[in-house]
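1. just need the structure, nothing else, for what follows:
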Amino acid sequence: MKNIITPRVFIAATRQNDGKTTTSLGLLSAIKRYYPRVGYIKPVGQRFVDVEDHKIDEDSFLMDKVFRLNCPLPEMSPIAVASDFTRKYLKSSNSPKLVKRVQQAFDRVAWEKDFVLCEGTGHAGVGSVFDLSNARVAKILNAKVVLVTQGGIGRPIDEVALNQALFEKDGVEIIGVILNKVRQDKVDYISEFARKGLERRGLNLLGVIPHQRMLSSPTMELIRDALVAKVLNQTKEIHNIVDNVVVGAMSAPNARKFFRPGSLMIMPADREDLIETAAAPNETGAPTKLSGVVLTDDIRPSNRVMKIIESMPYPVLMTPEDSYQVASTVHDLIVKTRPGDVAKIALIRDLVKTHVHVSSIVDQTIR
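-> This next block holds a predicted model:
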């Protein structure tokens with residue numbers, strides 16, 4: 001690697017789904033106030049979208065779409081850990097080749113940039129099986145680390161200690177820790193005692209981000225893709241957020257009380273009474289508002305009901321799955337922010353700007 005000058009920081013987490021990508025997105029936005037030309041790289045990725053014959057990590061794709069970083073996408077996502085990657089590596093390991101790929105990708109991403117944000121994949125040890133753990137990648141990139149963990153005191157600090165040991169073993173400095181998804185009513189309490197616990201380990205508390213239900217709620221777009229469902233109407237509301245799921249197993253009059261913004265109604269397409277009720281005005285005469293509807297069992301509605309569906313403003317999806325399977329899939333979704341999630345992205349930017357000591361992170365990366 002030729003570039004050892006451009007300031008950089010490596011964002012890691014103590015485990016999956018702690019909010020590493022959410023934090024990275026917010027930090028990237030905040031850092032642009034200090035450094036207008038910011039680059040991004042996720043050296044090792046595991047979840048991809050296909051872009052022009054390249055497997056691009058979905059987080060790299062997100063950052064590029066949101067910030068228009070003017071970095072080559074393949075270099076933002078240099079190593080794609082596909083399903084057979086580990087097996088092939090263990091058969092004929094070539095660590096120097098992977099290391100060189102990471103270094104060259106960073107150099108290209110950092111070209112004419114004032115700062116580079118590097119995002120890891122999970123905790124410090126992820127990737128060890130093919131000799132590219134997060135700790136080693138941070139070392140290769142000569143980057144200091146910010147650890148993201150879920151809100152609390154005991155368990156988060158225990159997990160931070162495990163990660164700290166791995167990073168220190170590779171000679172990587174941890175700038176500090178960000179606590180994410182902290183209950184609103186416990187922010188002050190957690191901040192006080194987590195800071196004391198971290199200081200005992202020689203670590204700084206860099207921020208405490210309060211939990212926001214919106215960020216863990218799926219959109220209709222995400223549900224559509226997870227179900228591989230067909231959209232039966234034309235709608236601009238595919239990014240509606242779902243924070244309440246209702247299975248239509250009641251009469252139409254009883255169902256009406258569940259018809260409100262944020263609700264997803266799951267029902268068979270032969271429940272025409274429910275579909276008609278969902279399309280009808282509410283008691284005040286205003287249009288009924290739902291986040292969306294999923295019709296199950298691959299039952300196509302009658303022509304009369306299809307005309308009603310086509311007039312609905314929110315998405316109506318159709319899937320071969322039954323109601324239980326649909327509800328279970330929605331419940332178990334891993335919610336990831338997507339480029340079209342405008343409201344979520346705005347909230348993330350505001351949360352990090354308000355609750356994270358970004359200036360401290362910037363200052364420590366250039367020391």
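2. show me what contacts Gly39?
-> Contact criterion CB atoms under 8 Å, 6 or more residues apart in numbering gives 6, 69, 71, 76, 109-111, 113, 115-117 as the residues in contact with Gly39. For every residue, glycine as well, the C-beta is placed using N, CA and C.
3. ignore what I typed, I meant Asn254.
-> Under the criterion of CB under 8 Å, 6+ apart, Asn254 has no neighbours.
4. distance check, it against Pro268.
-> 17 Å (CB to CB, to the nearest Å).
5. please apply the same query to Asp297.
-> Asp297 sits 5 Å away from Pro268, taking CB to CB as the criterion.
6. list the residues that contact both of these two?
-> By CB under 8 Å, 6+ apart, no residue touches both Asp297 and Pro268.
7. what's the nearest residue to Gly151 if we skip its chain neighbours?
-> Here the nearest residue to Gly151 in space, its sequence neighbours aside, is Val182; by CB to CB, 6 or more residues apart in numbering that works out to 3.1 Å.
8. oh sorry, the question was meant for Met306
-> Taking CB to CB, 6+ apart as the measure, Met306 lies nearest to Leu232, with 7.2 Å between them; neighbours along the chain are not counted.
9. so the one you found makes contact with Leu317?
-> Yes: distance between Leu232 and Leu317: 7.0 Å, which falls inside the contact criterion (CB atoms under 8 Å).
10. quick one on the thing from earlier: tell me the one of the contacts of Gly39 nearest Asp18?
-> Of all the contacts of Gly39, the one with the least separation from Asp18 (CB to CB) is Leu117, at 16.8 Å.
11. for Phe259, what are its contacts?
-> The contact partners of Phe259, by CB under 8 Å, 6+ apart, come to 265, 277-278, 282, 288-290.
12. quick one: the residue sitting furthest away from the middle of the chain from Glu310, how far?
-> The outermost residue of the chain, judged by C-alpha distance from the chain's mean C-alpha position using CA atoms, centre = their mean, is Arg304 at 40.0 Å. Computed as CB to CB, the Arg304 to Glu310 distance reads 11 Å.
13. do the same with Phe193
-> In this structure, Phe193 and Glu310 are 56 Å apart, going by CB to CB.
14. around Tyr189, how many other residues sit close by?
-> With neighbours defined by other CB atoms under 10 Å, the count for Tyr189 comes to 12.
15. any low-confidence regions in the stretch 151-300 of the chain?
-> Regions of the stretch 151-300 of the chain meeting the criterion pLDDT under 70 cover residues 283-285.
16. the stretch 1-150 of the chain: helices as residue ranges?
-> Shown for the stretch 1-150 of the chain, the helices assigned by DSSP state H, counting those that start in this stretch span residues 20-31, 58-67, 73-76, 85-91, 95-109, 134-140.
17. packing partners for the third one?
-> If contacts are counted by 3 or more CB pairs under 8 Å, 6 or more residues apart in numbering; DSSP states H and E, helix 73-76 sits against strand 38-41, strand 54-57, helix 58-67, helix 95-109.
18. can you put those in CSV and add distance to Ile178 and mean pLDDT?
-> Formatted as CSV, the entries for the helices and strands packed on helix 73-76 read as follows, by distance: least, CB to CB, whole Å; pLDDT from 0 to 100:
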stretch, distance to Ile178, mean pLDDT
strand 38-41, 18, 96
strand 54-57, 21, 88
helix 58-67, 17, 94
helix 95-109, 23, 94
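19. out of the ones you listed, which is closest to Ser359?
-> strand 38-41 (15.3 Å).
20. helices of the stretch 251-367 of the chain, start to end?
-> Counting by DSSP H, counting those that start in this stretch, the segments of the stretch 251-367 of the chain that form helices are 252-255, 272-279, 303-310, 323-332, 342-355, 358-365.
21. nearest to Val245, out of these?
-> Closest of those to Val245 is helix 323-332, at 5.6 Å (criterion: CB to CB).
22. got the CA positions of the closest one in PDB?
-> Presented in PDB, the C-alpha positions along helix 323-332 are these (Å, rounded to 0.1, in the frame of the first residue of the first chain):
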ATOM      1  CA  SER A 323     -50.300 -16.000   6.100                       C
ATOM      2  CA  TYR A 324     -48.200 -17.600   8.800                       C
ATOM      3  CA  GLN A 325     -45.200 -17.900   6.500                       C
ATOM      4  CA  VAL A 326     -45.500 -14.200   5.400                       C
ATOM      5  CA  ALA A 327     -45.900 -13.000   9.000                       C
ATOM      6  CA  SER A 328     -42.800 -15.100  10.100                       C
ATOM      7  CA  THR A 329     -40.700 -13.800   7.200                       C
ATOM      8  CA  VAL A 330     -41.600 -10.200   8.000                       C
ATOM      9  CA  HIS A 331     -40.900 -10.800  11.700                       C
ATOM     10  CA  ASP A 332     -37.400 -12.300  11.100                       C
END
